[in-house]
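# my questions are about this predicted structure, shown below with the sequence.
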Amino acid sequence: MPVINRIAEFADEVAGWRRDFHLHPELGYDVHRTAARVAELLDGFGVDEIATGIGRTGVVAVIKGREPGPTIGLRADMDALPINERTGKPWASQAAGKMHACGHDGHTAMLLGAAKYLSETRNFAGTAVLIFQPAEEGGAGGRAMLEDGLMERFGIEEVYGLHNMPGKPLGSFAIRAGGIMAASDEFNITIEGSGGHAAIPHTTVDPVVVAAQLIIALQTLVSRSVDPMRSAVLSVTMLRAGDAFNIIPQTVKLTGTIRTLDEAVRDFMERRLKEISVGIATTFGARADVHYRRGYPVTVNDAAAAAYAAEVAAKVVGAEKVDDTTDASMGGEDFSYMLKARKGAYIFLGNGDSGDLHSDTYDFNDELIPVGVSYWVKLMESAGRG
C-alpha cells in the first residue's frame, strides 16, 4: 500500500509543526517549549494517555487500537545542535547558536502525524506507545528515559526508530540486521615528558615527538590489528602542545574517537589503545595517562524486527525503494540503549540531495512527511495481524 491518502491530506499541517520546531530549536534536555507543544498537540488528537517528564523532559503518548495485540514503542528525538544556521529558509532558526541540523524537527513532526492518524482511526491491534525523546545529541536522553522506567511503565514489547539520511534517494528506506550504527567512544591521552629549551633537545624528553610516534602507531590498530571483515575507526582529532617556538613543552594532550560495530572489537580497541600509548611513551622515557570514555553502544537491529520494518517500508514506497542490506554508519545513536532493552529496529529514510547532517546548510525535506508518517502507521496496522 502506498502513502495513505488521509495522511497526504494533512501533510502540510505536519510540515507547519516541523517548521515551527525548526524556528525554535532547543538543546539537550532543555526542550521545554518543544515538549510542551508536543504534549499540546497530542492532547488535541485525543490520545489515551500523555506522560511528561520521562527522562527529565521526554513525552510519551499511549494510543490503544481496536483489538488486543502487541505494545510497540515508536521513538522520535526532539533536540537540536549548537550550530549557527546558514540555510536562508523562511523557517530558519531564530535562536542564535542553535539549529535543527539533524532533522529531529522532522522526526518529531512525523511521529505527531502518526499520532493524529492513529488516534482518528484506531485501525490496529494492540497499543502504540509514542516516545518523544530529549538529548539524543550526546546527552543520552534515551538512557535517561529507560532509567525512568519507560519500558516497564508502558509495557513496551518492541521498539522502533527512524532517522532521515542525506545522500540516500528521497523517500527511500535503508536498513540492515545487526549493527547499523556504531558505538561512539572518546579518548584523552596526556603525554608527560620533560620540557626545556628547543636548542638543546638532548636535555629533554620531548612529548611532541612521542605524540607524533603515537599518532602513527595508533593507525595500525585498524589497518593491521582488526579483521578487515569487521569495522573500526580511530581518529585523533585534537592535539595541544606548547606556547612558544623555542620551548619544548612538558606535556602534550591528544583527543579522539573510536567507532566500532560489535562489542568484541570495542573491547579490543580500548585495551590496545591503552597498551600502545603506555608502550610508546615508555620507549621514549615519557609517561602516558590514558582516559577512555565509552559513549553510546552499538545500535543493533534484531533480525526479525529489521525484516518486518523492511516489509512495512515496502508497503509504503515499493520493494525497489527499500535496501535491506545497507552499509552500517559509523555515527553514534542513543536509540542503541532502547534496542538493548527491547528487540526492535532502526531504519534510515532518504533525505535526498541535501546538506549533510550536522552542517549549517542542512534542512529536513518536507516531502518526506507523508512517507514517514505512513511508515509509522503501517508499522502499527500490520503488527499482530500476520
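Looks like it came in fine. Numbers count the residues shown, from 1 in each chain.

# what's the burial count for the residue lying closest to Ala135 once chain neighbours are set aside?
Leaving aside its sequence neighbours, Ala135 sits nearest to Gly141 (Cβ to Cβ, 6 or more residues apart in numbering; 3.2 Å). For the C-beta atoms, the positions are set from N, CA and C on the backbone; glycine is no exception. Neighbour count of Gly141, defined by other Cβ atoms under 10 Å: 26.

# domain ranges for this structure?
Split into domains by automatic domain parsing, the chain comes to 5-181+298-382, 183-293.

# pretty sure Leu130 sits in a strand.
Yes - applying DSSP: H, G, I helix; E, B strand; the rest coil, one finds Leu130 inside a strand.

# where in the stretch 1-150 of the chain is pLDDT low?
For the stretch 1-150 of the chain, applying pLDDT under 70 flags the ranges 1.

# still on that earlier bit, from the domains of the chain, which stretch is densest packed?
Of the domains of the chain, the one with the most neighbours on average (mean count of other Cβ atoms under 10 Å) is domain 5-181+298-382, at a mean of 20.

# show the end-to-end separation of that one, please.
Taking Cα to Cα, to the nearest Å as the measure, domain 5-181+298-382 stretches 17 Å from start to finish.

# again, but for stretch 123-139
36 Å.

# now swap in stretch 168-185 and tell me
Stretch 168-185 has its terminal residues 26 Å apart, counting by Cα to Cα.

# same thing with stretch 235-254?
10 Å.

# for the spatially most central residue of the chain, give its distance to Asp43.
In the chain, the residue lying closest to the centroid (Cα atoms, centre = their mean) is Glu333, at 2.8 Å. Here Glu333 is placed at a distance of 29 Å from Asp43 (Cβ to Cβ, to the nearest Å).

# do the same with Ala76
17 Å.

# then Arg294?
On the measure of Cβ to Cβ, Arg294 and Asp43 end up 39 Å apart.

# same question, Thr251
As defined by Cβ to Cβ, Thr251 lies at a distance of 56 Å from Asp43.

# what pLDDT does Leu214 get?
Leu214 is assigned 98 on the pLDDT scale.

# host element of the nearest residue in space to it that is not next to it in sequence?
Among residues not flanking Leu214 along the chain, Ile280 sits closest, at 4.7 Å (Cβ to Cβ, 6+ apart). Taking DSSP states H and E as the definition, Ile280 sits inside helix 263-283.

# if you count contacts, what does that helix end up packed against?
strand 183-192, helix 207-225, strand 232-241, strand 251-260, strand 287-293 (3 or more Cβ pairs under 8 Å, 6 or more residues apart in numbering; DSSP states H and E).

# give the rounded mean pLDDT of the fourth one.
The average of the pLDDT scores along strand 251-260 is 98.

# partner strands of it, with direction?
strand 183-192 (antiparallel), strand 232-241 (antiparallel) (DSSP bridges).

# so what's the gap between the next helix or strand after the first one and the chain middle?
This points to strand 183-192. Counting by DSSP H and E, the next helix or strand C-terminal to strand 183-192 is strand 196-197. In terms of Cα atoms, centre = their mean, to the nearest Å, the centre of strand 196-197 is found 46 Å from the chain centre.

# returning to what we had before: can you list the residues that contact the helix holding Ile280?
Applying Cβ atoms under 8 Å, 6 or more residues apart in numbering, the external contacts of helix 263-283 come out as 183, 185, 187, 189, 191-192, 210, 213-214, 217-218, 221, 225-226, 230-232, 234, 258, 260, 287-288, 290, 292, 294, 297-298.

# and what of stretch 189-207?
Contacts to stretch 189-207, defined as Cβ under 8 Å, 6+ apart, come from residues 210-211, 214, 241, 245-255, 277, 281, 284-291.

# and it, end to end?
Stretch 189-207 stretches 12 Å from its first residue to its last (Cα to Cα).

# and it, what's its mean pLDDT?
Computed over stretch 189-207, the mean pLDDT rounds to 98.

# please apply the same query to stretch 166-181.
Rounded mean pLDDT across stretch 166-181 is 97.

# can you give me the end-to-end span of it?
Taking Cα to Cα, stretch 166-181 runs 15 Å from one end to the other.

# could you do stretch 57-73 as well?
The straight-line separation of the ends of stretch 57-73 (Cα to Cα) is 18 Å.

# partner strands of the helix or strand hosting Phe348, with direction?
Using DSSP H and E, Phe348 maps to strand 343-352. Partners of strand 343-352 in the sheet, by DSSP bridges, are strand 158-166 (parallel), strand 173-174 (antiparallel).

# ok, back up a step: distance to Val312 for the strands paired with strand 251-260 - can I get that in TSV?
Formatted as TSV, the strands paired with strand 251-260 follow (distance: least, Cβ to Cβ, whole Å):
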stretch	distance to Val312
strand 183-192	27
strand 232-241	31
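
# which stretch among the ones you listed comes nearest Arg56?
Counting by Cβ to Cβ, Arg56 lies closest to strand 183-192 out of the strands paired with strand 251-260; the figure is 21.2 Å.

# and the closest one, how far out from the chain middle?
21 Å.

# stretch 89-106 now?
Taking mean C-alpha positions (Cα atoms, centre = their mean), stretch 89-106 and its chain are 17 Å apart.

# and the end-to-end length of that stretch?
Taking Cα to Cα, the first and last residues of stretch 89-106 lie 15 Å apart.

# mind listing residues that contact it?
Contact with stretch 89-106 is made by 18-27, 76-85, 136-137, 163-164, 351, 357-360, 362-366, 368-369, 372, as judged by Cβ under 8 Å, 6+ apart.
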